[in-house]
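Engineer: I need the structure of the sequence given here:
(one chain, ligands or ions: 1)
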Amino acid sequence: MPEPERNNSRLGLQRVCCDKNGMTVSLRPHHLLCLLTYLGKGYTANFVRNYDRIVRRLNSGEALRLVSGPDDICRPMLKETTCHCRRSSVVERDRLAVDEISAVLGCKLETGGRLSLSSAQICSLREAFRAGSIRSACAGCEWQELCSDIARTGFRDCRLSACPTDNGAAARQIKSGQPQM
Ligand code: SF4
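Structural biologist: Residues are numbered from 1 along each chain as shown. Below is the predicted model:
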């Protein structure tokens, strides 16, 4: 029997019903931060290729679904001996990211929630990132200095678009009358 849909529309969240069709990108919470500063650098060539594909999907308006544990960005790393994606320190990063990102977006992020980030929301998250108010999850990360430099220089060349090309999100917003995430 299918799981009943939970109405999270007040929070701008929807239960996913189409992830089996590849319609959403799975994302663990702290990767919402990493996406803000992604400019094509990463652990391996395979990791970067996969990351680029994910960013292209998001830039074209595809929704994302919050998961706990390894996500679509982690996937190429899961068989690497150096994989850290299941470590408790990384799970803790997710926990720290959830509350701070939720505060900026004005709604509580939940595992299983589906989001379509608007340009305005990406800009708000980048502004908070630059100000340092959503960076608790970054403590101890090897990329911290690079991400700080990227924020300082206005997220230049970052691949996640904050341009108003997210027509899909805008259309859904008009249809539902609710702000979308
Ligand atoms: S410092 Fe690390 S955790 Fe923070 S955004 Fe950059 S890559 Fe992600």
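
Engineer: only C-alpha atoms for contact and neighbour calcs from this point on.
Structural biologist: OK.

Engineer: against Gly132, how distant is Gln144?
Structural biologist: Gln144 is 11 Å from Gly132, where distance means Cα to Cα, to the nearest Å.

Engineer: and if you look at Arg93?
Structural biologist: Here the criterion is Cα to Cα. By it, Arg93 lies 15 Å from Gly132.

Engineer: with Cys141 instead?
Structural biologist: 14 Å.

Engineer: Arg87 too?
Structural biologist: From Arg87 to Gly132 the distance is 24 Å (Cα to Cα).

Engineer: just the pLDDT at the residue nearest the centre of the chain, thanks.
Structural biologist: Geometric centre of the chain, nearest residue: Leu32, 2.8 Å, by Cα atoms, centre = their mean. Looking at Leu32, its pLDDT reads 97.

Engineer: ok so it is a helix residue?
Structural biologist: Yes: counting by DSSP: H, G, I helix; E, B strand; the rest coil, Leu32 is part of a helix.

Engineer: Arg87 and Gly132: which is more packed in?
Structural biologist: Neighbours were tallied for Arg87 and for Gly132 using other Cα atoms under 10 Å; the higher tally belongs to Gly132 (13 against 10).

Engineer: how close does the more buried one get to Thr37?
Structural biologist: For Gly132 relative to Thr37 (Cα to Cα), the value is 13 Å.

Engineer: quick one: low-confidence residue ranges for this structure.
Structural biologist: 1-22, 163-181 (pLDDT under 70).

Engineer: tell me the residues on it that lie near the ligand, please.
Structural biologist: Residues of the chain lying close to the ligand by Cα under 6 Å from any ligand atom are Leu33, Cys34, Ala137, Cys138, Cys141, Trp143, Gln144, Cys147.

Engineer: repeat that with 8 Å
Structural biologist: Contacts of the chain with the ligand, taken as Cα under 8 Å from any ligand atom, map to 30-38, 93, 135, 137-148.

Engineer: in helices only, show me the residues you listed.
Structural biologist: Here DSSP state H is the test, and the residues of the chain next to the ligand give 31-37, 93, 144-148 as lying in helices.

Engineer: now which of those residues would you call buried?
Structural biologist: Neighbour counting with 16 or more other Cα atoms under 10 Å marks His31, Leu32, Leu33, Leu35, Leu36, Thr37, Arg93, Cys147, Ser148 as buried within those.
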